[in-house]
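*Asks:* Fold the stuff below for me.
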Amino acid sequence: MATCLINSDSADEINDPGAAPYGNFINYYTFNPPENRLSLIPATLLQDLGFSVGHKTTLILDVGCNSGELSVALYKHLVQEQVQADVNKVHLLGFDLDENLIQRAQQTNPLPSCISFIPLDITTDTHQLQDYLSQHGCPHFHLSLCLAVTMWVHLNHGDSGLLQLLCHLASISKHLLLEAQPWKCYRSAARRLRKLGRSDFDHFKTLKIRGDMAEHIKEHLEGHCGMELMQSFGSTAWDRKLLLFRKRKD
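*Replies:* Numbering: from 1, shown residues only. Have a look, this model is predicted:
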């Protein structure tokens, strides 16, 4: 998962997981394979949310998609295996700020007519997502995924960056499936950088949003972003909650 523009030319940094301060791990899905999340997400999720696959265009967004393995596996999990003849009605857009990871995702994409990958830094560029929605004639993504991304935005852009991310995703999403890293992961990420002799995250020591990160995020989405918690799919093997939010009806 990556969240702001970087240049990953150094072989040492690529090969050392601790040297990925934006979450852009080169081998992320080897130590956290897609099955860790998919085992908790029902294959009928789109239908459960009221989207009649095959009748109308349905859009899925994967925020910080890394090299795309989870994006593809999720698409097959939710769509291809259920309604093979209608897969072209469901489109998934995955983005990541690491252009090398996106290039890998594009090269290995088995469903280019249904799944797209683009390089994008969501903290600075919101136009591409709006353009994508306009191209498909939709006002929002029907389902957005933000899995293990919030910590990296928080550490690199501070409290305001995290809250802006949440509000932006809420504004373009009808449903939001979110997995927030707990606070202990923040400490571990900062400790890894220090062990490498590198500077600490700029905002780590000044963050005021601390503690139960899933609860903080829930409170902000519900209190300021017009969303409500719809369901919890439990916790992953890494003890991270998978929370499904939906846009609150007026």
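
*Asks:* For this protein, which residues score under the pLDDT cut-off?
*Replies:* For the chain, the stretches with pLDDT under 70 are 1-19, 53-55, 80-88, 250.

*Asks:* Select the longest strand from it.
*Replies:* strand 227-235 (DSSP state E).

*Asks:* contacting residues around that one?
*Replies:* 40-42, 170, 175-176, 218, 221-222, 241-248 (CB atoms under 8 Å, 6 or more residues apart in numbering). Where you see a C-beta, it was placed from the backbone N, CA and C, and this is true even at glycine.

*Asks:* again, 7 Å this time
*Replies:* 40-41, 170, 176, 218, 221-222, 241-248 (CB atoms under 7 Å, 6 or more residues apart in numbering).

*Asks:* Which of these fall within strands?
*Replies:* Short answer: the contacts of strand 227-235 in strands (DSSP E) are 176, 241, 242, 243, 244, 245, 246, 247.

*Asks:* Would you mind finding the longest helix in this protein?
*Replies:* helix 150-172 (DSSP state H).

*Asks:* Now do it: which elements does it pack against?
*Replies:* When contacts are defined as 3 or more CB pairs under 7 Å, 6 or more residues apart in numbering; DSSP states H and E, helix 150-172 packs onto helix 183-195, helix 213-224.

*Asks:* quick check: angle from the shortest one to strand 241-247?
*Replies:* For helix 213-224 against strand 241-247, the angle by axes from the mean of the first three to the mean of the last three CA atoms, to 10 degrees is 10 degrees.

*Asks:* Distance-wise, check residue 21 relative to residue 196.
*Replies:* Distance of residue 21 to residue 196, computed by CB to CB, to the nearest Å: 10 Å.

*Asks:* likewise residue 174?
*Replies:* Look at residue 174 and residue 196: by CB to CB, they are 41 Å apart.

*Asks:* By neighbours, which of the contacts of strand 227-235 wins?
*Replies:* Neighbour tally across the contacts of strand 227-235 (other CB atoms under 10 Å): the maximum, 27 neighbours, falls on residue 245.

*Asks:* related to what we said a few turns ago, and residue 174 and residue 196? Which one has more around it.
*Replies:* In terms of neighbours (other CB under 10 Å), residue 174 is the more surrounded of residue 174 and residue 196; the figures are 21 against 14.

*Asks:* I figured the more buried one hits residue 247, correct?
*Replies:* Yes: the criterion here is CB atoms under 7 Å, and residue 174 meets it with residue 247 at 5.3 Å.
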